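>>> no letters, just coordinates:
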């Protein structure tokens, strides 16, 4: 049933896509400012929404920015196709901030077609005549959603996204290689623009921030961001008993899903099991991160999986010494800027040694802070917005000349 359904949808998709390119191509007006429609989640506790807010603030200084909020509705709602058609019929560039979890999935029996609503949305886009840029924040390595039908569906969805977009933006060279080698996307259709770093960090007194957070006199070690298993908090908690008693772990963030909430509960039980419950502070969601960023002596990103990290860019803005797992995306940052230290992913022993070293050697911390300054200068949001303006003009120029 699933396989037949997605095959039918696939035929419709390809016909819709072909019709798009029979339409007259829209050319921008002679206005000095481009009109950019950002399609994104907005005004909520969500990494993409936060990214889009910072991006829009700086982009609006260089272009006319319109925001179209993606709302959660039934996956079969005509809202998604109508929205796609609407945004593809106005403004100069449609720029989608894409993440699979932003779109509703379709449940059929015991199976779910992930982000099915995005299929309808991109069908709608194919009916318009505007240039489409898609930023893929977290390209996935697995294409199968379970069974042959699921495999066909996920391949169809990703191919439609790539085909309907004039340009795909990713944040790392690792993601670009993934799309080239795994999805066979032509390199000419891909561009790497780093995640932005906070433009104006509000760095405050470390000791006053520790006092306000009840952490006075402590060495503060922080894992920042939404709490979820892939971020590896459970690797760190058992190590606290082997660290100086003055070291306090701060889990600065809350859960997003029911599964995350259960993981958070498990972390609290784990702290009790190892007798370190008094050495772990769970803050929950923090609307203002400046105090904890200013109070932090060492940040940990012991992730099990990542394609890029907005949290890391926030830490860089505040020049916080940071230790991360040696995943490819982090290795790329380390090679390019040298502003982080690495440990072997999920290796608790090596993590412990690296934590002890980083807390002991002030010279190492000072060097990392200096390198953070270099990365911040290259990736602050004003520079990232300027890179996007250049890319938008390239896309418009290519299509104007029939490329």
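All right, it came through fine. Remember, it's a predicted structure, so these values are computed and weren't measured experimentally.
>>> show the pLDDT at the closest residue to residue 266 other than its chain neighbours.
Using C-beta to C-beta, 6 or more residues apart in numbering and skipping residues adjacent in sequence, the residue nearest residue 266 is residue 234, 7.2 Å away. Any C-beta I mention is one placed from the backbone N, CA and C, and that applies to glycine too. Here the pLDDT value assigned to residue 234 is 97.
>>> my guess is residue 351 contacts residue 343, does it?
Yes - shown here, residue 351 and residue 343 form a contact pair, counting by C-beta atoms under 8 Å, at 4.8 Å.
>>> which SSE is residue 332 in?
helix 328-337 (DSSP states H and E).
>>> contacts for that helix, please.
Helix 328-337 has contacts (C-beta atoms under 8 Å, 6 or more residues apart in numbering) with 172-175, 301, 303, 306-309, 312, 324, 339-342, 371-372, 374-375, 378.
>>> follow-up on the earlier one: list the residues that contact the residue nearest to residue 266.
Here residue 234 is in contact with 263, 266-267, 270 (C-beta under 8 Å, 6+ apart).
>>> secondary structure element for it?
Going by DSSP H and E, residue 234 is part of helix 233-236.
>>> contacts for the next helix-or-strand element following that helix, please.
Once helix 233-236 ends, the next helix or strand along the chain (criterion: DSSP H and E) is strand 247-252. Strand 247-252 has contacts (C-beta under 8 Å, 6+ apart) with 213, 215, 218-225, 227, 233, 236-237, 240, 264, 267, 276, 279-283, 286, 289, 292, 295-296, 359.
>>> adjacent strands (with direction) for strand 247-252?
Using DSSP bridges, strand 247-252 pairs in its sheet with strand 219-224 (parallel), strand 280-282 (parallel).
>>> for the next helix or strand after that strand, buried residues please.
Where DSSP H and E defines the elements, the next helix or strand beyond strand 247-252 is helix 258-273. Under the neighbour-count criterion of 16 or more other C-beta atoms under 10 Å, helix 258-273 has 260, 263-264, 267, 270-271 buried.
>>> again with stretch 81-88
For stretch 81-88, by 16+ other C-beta under 10 Å, it's 81, 83-88.
>>> quick check: mean pLDDT of stretch 323-333?
For stretch 323-333, the per-residue pLDDT averages 95.
>>> do stretch 290-305 as well
96.
>>> now the end-to-end length of it.
Across stretch 290-305, the terminal residues are separated by 26 Å (C-alpha to C-alpha, to the nearest Å).
>>> equivalent analysis for stretch 311-325, please.
14 Å.
>>> and the helices in the stretch 101-250 of the chain, which stretches?
Taking DSSP state H, counting those that start in this stretch as the criterion, the stretch 101-250 of the chain carries its helices at 116-126, 147-164, 173-181, 206-212, 233-236.
>>> of those helices, which is nearest residue 109?
Across the helices of the stretch 101-250 of the chain, the minimum distance to residue 109, taken as C-beta to C-beta, is reached by helix 147-164, at 11.0 Å.
>>> what's in contact with stretch 364-374?
Taking C-beta under 8 Å, 6+ apart as the rule, stretch 364-374 contacts 298, 315-317, 319-322, 337-341, 357-358.
>>> before we move on, the earlier item: as JSON lines, the contacts of residue 234 with distance to residue 184 would be great.
Below are the contacts of residue 234 laid out as JSON lines (distance: C-beta to C-beta, whole Å):
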{"residue": "263", "distance to residue 184": "35"}
{"residue": "266", "distance to residue 184": "40"}
{"residue": "267", "distance to residue 184": "40"}
{"residue": "270", "distance to residue 184": "42"}
